[in-house]
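1. Let's see this in three dimensions:
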Amino acid sequence: MDMQGSRALAITPQQAWDALNDPQVLKACIEAYRPGVTSEDVQRHVAEVMKKKGLDARGQRGGIGHYVGLATHDVGPRGVPLQEGMVFAIEPMINMGKPGVKILPDKWTVVAADGLPSAHYEHTVLITENSAEILTHPPEKL
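-> Residues are numbered from 1 along each chain as shown. This next block holds a predicted model:
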């Protein structure tokens, strides 16, 4: 399973904090994953939701998810219609600044390339007959 949430490590302007922690972006991702759509369809849907909320969709180019299989970050084909039984980690990363991310020397931590605030939330979902079932449920407080 793959699950993650963000916490504030420094004081940020309230407007930035509210935008980065808007649960509607993660919800839009989860709702978009269903049989017959492609990862590109999901990306477009999430970008539309972000735009309606006043967020710059370019900031989510760090990724919105990946296959989960034998390896946690399994690599699967892009552009292929999703099918019932597939498992994905849905993880939109929203960056306040320019598009782009960098991986830190620990080869695990991903941050915004321009160093501005970002947030990352994640659930593992199973593609079912008509939707996506959340397999991970976070504790009450992260």
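2. got the buried residues for stretch 90-100?
-> Residues of stretch 90-100 classed as buried by neighbour count (16 or more other CB atoms under 10 Å): 90, 91, 92, 93, 94, 95, 96. The C-beta positions use only the backbone N, C-alpha and C, and glycine is treated the same way.
3. what's the answer for stretch 38-50, then?
-> So, applying 16+ other CB under 10 Å, buried residues of stretch 38-50: 39, 41, 42, 43, 45, 46, 47, 49, 50.
4. for stretch 103-117, same thing?
-> Those would be 111, 112, 117, for stretch 103-117 by 16+ other CB under 10 Å.
5. ok, back up a step: out of the buried residues of stretch 38-50, which comes closest to residue 26?
-> Distances from residue 26 to the buried residues of stretch 38-50, taken as CB to CB, are shortest for residue 46 (9.2 Å).
6. Wait, a helix at the closest one?
-> Yes. Using DSSP: H, G, I helix; E, B strand; the rest coil, the assignment for residue 46 is a helix.
7. start the count at 57, not 1, going forward
-> I'll keep to 57 as the first residue from here, and by that count the last item is residue 102.
8. Please tell me I have it right and residue 92 contacts residue 140.
-> No. The criterion here is CB atoms under 8 Å, and residue 92 misses it with residue 140 at 9.9 Å.
9. Give me the common contacts of the two.
-> Residues touching both residue 92 and residue 140 (CB atoms under 8 Å, 6 or more residues apart in numbering): there are none.
10. what's the spacing between the closest residue in space to residue 131 that isn't next to it in sequence and residue 160?
-> Nearest non-adjacent residue to residue 131, counting by CB to CB, 6 or more residues apart in numbering: residue 123, 6.7 Å away. From residue 123 over to residue 160 the distance is 23 Å, taken as CB to CB, to the nearest Å.
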